[in-house]
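A.B. asks: here is a sequence together with a model predicted from it:
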Amino acid sequence: HTALGGQELLEEVGLERVHRRCAALRERLVEGCRAAGLDLRIADDPGHRSSIVMVAMDDPKASVAELDRAGIVVDHRPGYVRVSPHVYNTAEEVDQVVAELVRIREDGAGNSR
């Protein structure tokens, strides 16, 4: 029952609009990460990408902990921080994720690449 409110809201906004918004946020994340020199694991063709962006980090678990301290909720998989922006995220939040990943890399907390 608790999910119904969210589902109703998404249906009201329209799933096509939700998809476009998620794709735009994902591409902003991809472009920001690439510009910062971060390595990504994503499909080459944007048309085949999901909203999940895998960012290579030497210590993903430590990186996720650092991001959590900055108020950013992400997850990790072996070798990667898993970022998945959604319709409720802002462009500024996506930019903050990129900035924090760069900071973590530069501080050596989660990546030495």
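C.D. replies: Received it, and whenever you're ready, just let me know what you need.
A.B. asks: before we move on, could you check phi and psi at residue 83?
C.D. replies: Reported as degrees, to the nearest 10, the phi and psi values for residue 83 are phi -110, psi 130.
A.B. asks: tell me who's in contact with it.
C.D. replies: Counting by CB atoms under 8 Å, 6 or more residues apart in numbering, residue 83 touches 29, 52, 53, 54, 55, 74, 97. In this view, the C-beta of every residue, glycine as well, is placed from N, C-alpha and C.
A.B. asks: mind listing the strands for this structure?
C.D. replies: Here the chain has its strands, by DSSP state E, at 40-41, 53-56, 75-77, 80-83.
A.B. asks: could I get these as JSON lines with mean pLDDT and distance to residue 101?
C.D. replies: JSON lines is the format used below for the strands of the chain (pLDDT from 0 to 100; distance: least, CB to CB, whole Å):
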{"stretch": "strand 40-41", "mean pLDDT": "98", "distance to residue 101": "11"}
{"stretch": "strand 53-56", "mean pLDDT": "98", "distance to residue 101": "6"}
{"stretch": "strand 75-77", "mean pLDDT": "98", "distance to residue 101": "12"}
{"stretch": "strand 80-83", "mean pLDDT": "98", "distance to residue 101": "7"}
